[in-house]
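**Q** Next one to model:
(one chain, ligands or ions: 1)
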Amino acid sequence: MVEEQIVKRHIKDERVIDAMSKIQRELFVPPHLKNSSYDDSPLLIGGGQTISQPYIVARMTELLRPDEHSVVLEIGTGSGYQAAVLSLIAKRIFTIERILELKRSAEERFKALKISNVFVMSGDGTIGLSQYAPFDRIIVTAAGPEIPKNLLDQLKDNGIIVMPVGTEAEQVLLRGEKKEGKIEIEEHDRCRFVPLLGKYGFSDNGV
Ligand code: SAM
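**A** So this is what the prediction gives:
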């Protein structure tokens, strides 16, 4: 998977390649999809949600540029795979999931894998996690109409945020870097994520 889908598609960051070689994606997918674990696609993980395509995980991690000193906030724990990859690169990861069942299974996976620097919260990640802010890095793994202001406020100066932004049908990966209080945005790959639902995301229709 790493050679064919990641290295051949020009992901160059050795820390990303190394982390993705070590974390087994098959441990983050439902048992009936084990045979598809290393496919070049997102997979359903329950609750209508997905574990992202491996290339997208690699690309977002590369754009985020975390290092061993980084405290990271992730919105959208899902299966926990992205957070597990980050756990091998960054110092500490706080990850928020709105679906309680997904939060619980991700926590069980981290426990079984003895990953101790990932902390899972439940709730609406669009409002951020002010009690642990500011963060060196913020990664949003669901698509929103814009980057929530709360998240920008909770990013440190010289910090980086990566998030898919657009309509519910298609988005562009944005990478924002905070410089002297202002965000400089770059546009990267086109992509398609499940929606970020919540106060500063798409409407959740009361679900
Ligand atoms: N990072 C995940 C992984 O490695 O498996 C994939 C994330 S999946 C594409 C998007 C996740 O975002 C879903 O689990 C969804 O429930 C969650 N989500 C959507 N809106 C959210 C919100 N406002 N706060 C927290 N989680 C949210």
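
**Q** Mind listing residues that contact the longest strand along the chain?
**A** The single longest strand within the chain, with elements called by DSSP state E, is strand 155-166. Applying Cβ atoms under 8 Å, 6 or more residues apart in numbering, the external contacts of strand 155-166 come out as 60, 63-65, 134-140, 142-147, 151-152, 171-181, 183, 191, 193. C-beta here means a position set from N, CA and C on the backbone, and glycine is covered the same way.

**Q** ok, 6 Å please
**A** 60, 63-64, 134-140, 143-144, 147, 171-178, 191, 193 (Cβ atoms under 6 Å, 6 or more residues apart in numbering).

**Q** among those residues, which ones are buried?
**A** Taking 16 or more other Cβ atoms under 10 Å as the criterion, what is buried in the contacts of strand 155-166 is 60, 63-64, 134-140, 143-144, 147, 171, 173-178, 191, 193.

**Q** Check what pLDDT the residue in the chain sticking out farthest from the centre gets.
**A** Going by Cα atoms, centre = their mean, the residue of the chain most distant from its centre is residue 180, 25.1 Å out. As predicted, residue 180 sits at a pLDDT of 95.

**Q** same deal with residue 204?
**A** We have a pLDDT of 78 for residue 204.

**Q** Excluding chain neighbours, give the residue nearest to it in space.
**A** residue 197 (3.8 Å; Cβ to Cβ, 6 or more residues apart in numbering).

**Q** who in the chain is up against the ligand?
**A** Contacts of the chain with the ligand, taken as Cβ under 6 Å from any ligand atom, map to 49-52, 75-76, 78-79, 81-82, 96-99, 102, 124-126, 141-142, 193-194, 196-198, 201.

**Q** Just to be sure, which of those are found in helices?
**A** Judged by DSSP state H, the subset of the residues of the chain next to the ligand located in helices is 81, 82, 102.

**Q** Would you mind putting those into a markdown table with pLDDT, distance to residue 11 and neighbour count alongside?
**A** Below are these laid out as a markdown table (pLDDT from 0 to 100; distance: Cβ to Cβ, whole Å; neighbours: other Cβ atoms under 10 Å):
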| residue | pLDDT | distance to residue 11 | neighbour count |
| --- | --- | --- | --- |
| 81 | 98 | 16 | 25 |
| 82 | 98 | 14 | 26 |
| 102 | 98 | 26 | 21 |
